[in-house]
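J.: Pasted the sequence and its predicted model underneath.
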Amino acid sequence: MKNFIERFFSVIFLIVPLTWGGSFIAGKYVVQDIDPVASVVLRFFFSGLIMLPGLFLVHRHRHPNFLEGAFWGHLLLVVLTAGIGYHIFFFWALKYTSPTNTAIIIALNPFFTAFAEILFLKKRRAGRFYLGFIVAFAGALWVNLARGGRLDFSNLGWGELFCLIAALFWSIYSITARLTKKQEWDSLWINAYNYLLTGLLLIPFAGQMFYGHFWSSVSGPAWLGMGYMIIFPTAISYTFFYIAVQRKGPAWPSTFIYLVPSITANLDYLFFKAPLTSAMVLGTSLVVLGLLIGNIGKNQMEWLQSRVKSLILRIVGHRHNSS
């Protein structure tokens, strides 16, 4: 089982962009009734409450040493960047722009992350990684700017600015997590405490939650959206992303975020009737192609080619037998 996960880690990792794409849709429902700070509090506090009991039951042997000052320094960086910084601006962005625009601009963060890796970590990448990066970014940019088959640079405002700031915070998180984490610190425990502390630290600033009518005034779709965000993109996918940062480096998992805008654009069409154009299809194709070029290893590509070849031969054989 472990060898299977190691070999097909890139394929399994697709659960992250899939659930994150859904989080933009869920978040749009949430911010219609809950302000951004209260949204972060609810999302992270309850995600922490979900994760911690399970970790104490089955993963207690990897619990961090609370007497180690360096651990608290690392955890504080994670809370301030990935917990508070990114998500405050994430929810503010969704208040002022569409889920598709939010997803596409936040997808800029692999650029910042890769640049920071070169500058601070002296990281070198194979040429195909950068080629895939360029192709995927071009597809992501096209999805966002194309309107009815043409490019439109209008309607850019506060929402897009908040997206850009969120992307910067996420890149800072990716680098600082890599630089400050010790190998013996378990990622699952760090994420669980990140969620809990993020929620606790922001409670004094979540004024909306202290109004007596708050809990009854939030609509059903908003509560469903919050429940989705607590469990899937937060408790599951952020943990998986954090593990990938430690195993592969910050740029590798960040590149998969290019898939999120295309997923979000299609979900945006389904839930909010946002236009689904040929430009979006083209952009999605470029994103997937870029990810294959930049991230799928030689062994995985050979496995994929063999499966496609087997499928084609099976179809041809079925048609031949039918005739």
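T.: Noted; the coordinates are in hand. Numbers count the residues shown, from 1 in each chain.
J.: The host helix or strand of F89 - contacts with which helices or strands?
T.: Using DSSP states H and E, F89 sits in helix 86-96. When contacts are defined as 3 or more Cβ pairs under 8 Å, 6 or more residues apart in numbering; DSSP states H and E, helix 86-96 sits against helix 15-31, helix 36-58, helix 99-106, helix 158-180. From N, CA and C alone the C-beta is placed, and that goes for glycine too.
J.: Give me whichever of the ones you listed is most buried.
T.: The highest mean neighbour count among the helices and strands packed on helix 86-96, using mean count of other Cβ atoms under 10 Å, belongs to helix 99-106: a mean of 28.
J.: which stretch among the helices and strands packed on helix 86-96 comes nearest L77?
T.: helix 158-180 (4.7 Å; Cβ to Cβ).
J.: centre of the chain versus whatever helix or strand comes next after that closest one, how much separation?
T.: In the C-terminal direction, the helix or strand that comes right after helix 158-180 (DSSP H and E) is helix 187-202. Relative to the centre of its chain, helix 187-202 is centred 17 Å away, using Cα atoms, centre = their mean, to the nearest Å.
J.: Same question for helix 187-202: list its buried residues.
T.: 187-199, 201-202 (16 or more other Cβ atoms under 10 Å).
J.: From the opening residue of stretch 78-89 to its closing one, how far?
T.: 16 Å (Cα to Cα, to the nearest Å).
J.: which residues touch it?
T.: For stretch 78-89, contacts defined as Cβ atoms under 8 Å, 6 or more residues apart in numbering pick out 36-37, 39-40, 43-44, 162-163, 165-166, 169-170, 172-173, 176-177, 190, 194-195, 197-198, 201-202, 238.
J.: go on, stretch 54-62?
T.: H63, D186, L188, W189, A192.
J.: Can you add distance to F56 and pLDDT and give those residues back as TSV?
T.: Converted to TSV, those look like this (distance: Cβ to Cβ, whole Å; pLDDT from 0 to 100):
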residue	distance to F56	pLDDT
H63	8	94
D186	13	88
L188	11	86
W189	10	93
A192	10	94
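J.: Closest one of those to W72?
T.: W189 (12.8 Å).
J.: Would you quantify the distance from the closest residue to that closest one other than its chain neighbours to F46?
T.: Of all residues not flanking W189 in the chain, P64 sits nearest, at 5.5 Å (Cβ to Cβ, 6 or more residues apart in numbering). According to Cβ to Cβ, to the nearest Å, P64 and F46 sit 22 Å apart.
J.: One more: K181?
T.: 25 Å.
J.: now F162
T.: 24 Å.
J.: do the same with F210
T.: Using Cβ to Cβ, F210 is found at 17 Å from F46.
J.: K309 now?
T.: With Cβ to Cβ as the criterion, K309 and F46 are 47 Å apart.
J.: repeat for H213
T.: H213 is 21 Å from F46, by Cβ to Cβ.
J.: next one: P253
T.: 24 Å.
J.: go on, P110?
T.: 29 Å.
J.: where does the stretch 201-323 of the chain dip in pLDDT?
T.: The model of the stretch 201-323 of the chain has pLDDT under 70 over residues 251, 275-276, 280, 295-308, 311-312, 315-323.
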